[in-house]
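Engineer: The sequence and its predicted three-dimensional model are supplied below.
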Amino acid sequence: MSTRSELNQGLVVGSHGRHCVVETPDGERRICHPRGKKSQAVVGDHVLWLPALPGQGDEGTIEKVQTRRNLFYRQDEIRTKSFAANLDQVLILLAAEPVFSESQLVRALIAAEAEHIKPIIALNKSDLVEPFARAWERLWPYRHMGGESNTEHHYRVLPMSLTESGSVDHQALMPILAGKTTLVLGPSGVGKSTLVNLLVPGAYAQTGEISQALNSGKHTTTTTTLYWIDKERTTALIDSPGFQEFGLRHLAPTDLARCMPDIAAHAGNCRFYNCTHLHEPGCGVRERVLDAGEDQKQADAISANRYRIYGELFEELSAPPKY
């Protein structure tokens, strides 16, 4: 360990409010506090930090957050919530029951696309035959978006069955996670904690220790935590609190089309360069939108539901703030 005057490198592996757990390159972990707002860090951040002065305890201070590759976050009219930084991919976990919100799924996908983070969709509870079949059918546009060949699809959609005593299909999942930093995202009740605990045995115990160290108690859902899946510390899984809302106020309405691959694919065919794809004549997007009564299984078309969500988001992001 270096002296007080020398900056140490570290990786933020846990956070709660303004408190962080920083891991050093040799695996040591220490609680650190940011020095001012500019050094506010999130899980996944690479930071420079200083240990406390002799006699002032074991906690350190974060002096600088290194340049990020990306930052995955949501923003409503009141607050911004950062999930994690420097991600390779986001695993969006849904469940056959309770019925998932397609609007929430679209919002999370747009946030990932905006930061150039690869999204993966996983549908849990495949053991519930009929509910799963209905949910899997709802995901048809996402399973086939971008082409008829599996290698061309824009999104990867995986079926899963997670139980406390069961096991993850490692053959399907582990190669996808290997060597990458993945954020596991999803609303409460979809099996997120089960997935993390299956992939990282003892994850609950680690989270409890971090939560207690950060004075947040054992209510683990309030803490974002990074876990290493392998001993070499090359494959990381980040567990984040569940969410019910996902604001996109950090985006402009004109950003939506490029962050929705099925709409972006046809946006270049519009008569007007600044087309909103809502009402203009000669709109290449509107020409490819399927009517609600049509067969929604056309890979090169835009589903009625996704176009409806696009319109709702465009209106939401165009409205002036209420506060």
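Structural biologist: On my side now, so go ahead.
Engineer: Tell me how many other residues crowd Ile176.
Structural biologist: For Ile176, the neighbour count with other CB atoms under 10 Å is 15. C-betas here are computed from N, CA, C, even on glycine.
Engineer: Tell me how far it lies from Thr224.
Structural biologist: 21 Å (CB to CB, to the nearest Å).
Engineer: And for Ala265?
Structural biologist: Separation of Ala265 from Thr224 (CB to CB): 34 Å.
Engineer: more neighbours, these two?
Structural biologist: Neighbours were counted for Ala265 and for Thr224 using other CB under 10 Å; Thr224 has more, 25 against 19.
Engineer: Thought Gly14 was touching that one, still the case?
Structural biologist: Yes - between Thr224 and Gly14 there is a contact at 7.0 Å, judged by CB atoms under 8 Å.
Engineer: The residue nearest to the spatial centre of the chain: what secondary structure?
Structural biologist: Against the mean C-alpha coordinate of the chain, by CA atoms, centre = their mean, the closest residue is Val90 at 4.3 Å. Secondary structure, DSSP: H, G, I helix; E, B strand; the rest coil: Val90 is strand.
Engineer: what does the one 3 residues further on give?
Structural biologist: Local secondary structure at Leu93 is given as strand here, using three-state DSSP.
Engineer: Quick check: buried residues in the longest strand seen in the chain?
Structural biologist: Longest strand in the chain by number of residues (criterion: DSSP state E): strand 8-16. Residues 8, 10-16 are the ones in strand 8-16 that count as buried (16 or more other CB atoms under 10 Å).
Engineer: Repeat that for stretch 250-262.
Structural biologist: 251, 253, 255-257, 259-262.
Engineer: Likewise for stretch 104-122?
Structural biologist: Buried residues in stretch 104-122 (16+ other CB under 10 Å): 104-115, 117-122.
Engineer: can you give me how far the lengthiest helix in the chain is from the chain middle?
Structural biologist: When the chain is scanned for its longest helix (criterion: DSSP state H), the result is helix 304-318. Computed by CA atoms, centre = their mean, to the nearest Å, the chain-centroid distance of helix 304-318 equals 21 Å.
Engineer: other SSEs contacting that helix?
Structural biologist: Where contact means 3 or more CB pairs under 8 Å, 6 or more residues apart in numbering; DSSP states H and E, helix 304-318 is packed against helix 102-114, helix 261-267.
Engineer: For that helix, what does the pLDDT average out to?
Structural biologist: Averaged over helix 304-318, pLDDT sits at 96.
Engineer: Just the buried residues of that helix, please?
Structural biologist: Those would be 304-307, 309-310, 313-314, 317, for helix 304-318 by 16+ other CB under 10 Å.
Engineer: In JSON lines: those, plus distance to Tyr142.
Structural biologist: Converted to JSON lines, those look like this (distance: CB to CB, whole Å):
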{"residue": "Ala304", "distance to Tyr142": "14"}
{"residue": "Asn305", "distance to Tyr142": "11"}
{"residue": "Arg306", "distance to Tyr142": "9"}
{"residue": "Tyr307", "distance to Tyr142": "14"}
{"residue": "Ile309", "distance to Tyr142": "12"}
{"residue": "Tyr310", "distance to Tyr142": "14"}
{"residue": "Leu313", "distance to Tyr142": "17"}
{"residue": "Phe314", "distance to Tyr142": "20"}
{"residue": "Leu317", "distance to Tyr142": "22"}
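Engineer: Can you tell me which of those residues comes closest to His46?
Structural biologist: Checking the buried residues of helix 304-318 against His46 by CB to CB gives Leu317 as the nearest, at 31.5 Å.
Engineer: State the distance from the closest one to Ser103.
Structural biologist: Counting by CB to CB, the gap from Leu317 to Ser103 is 14 Å.
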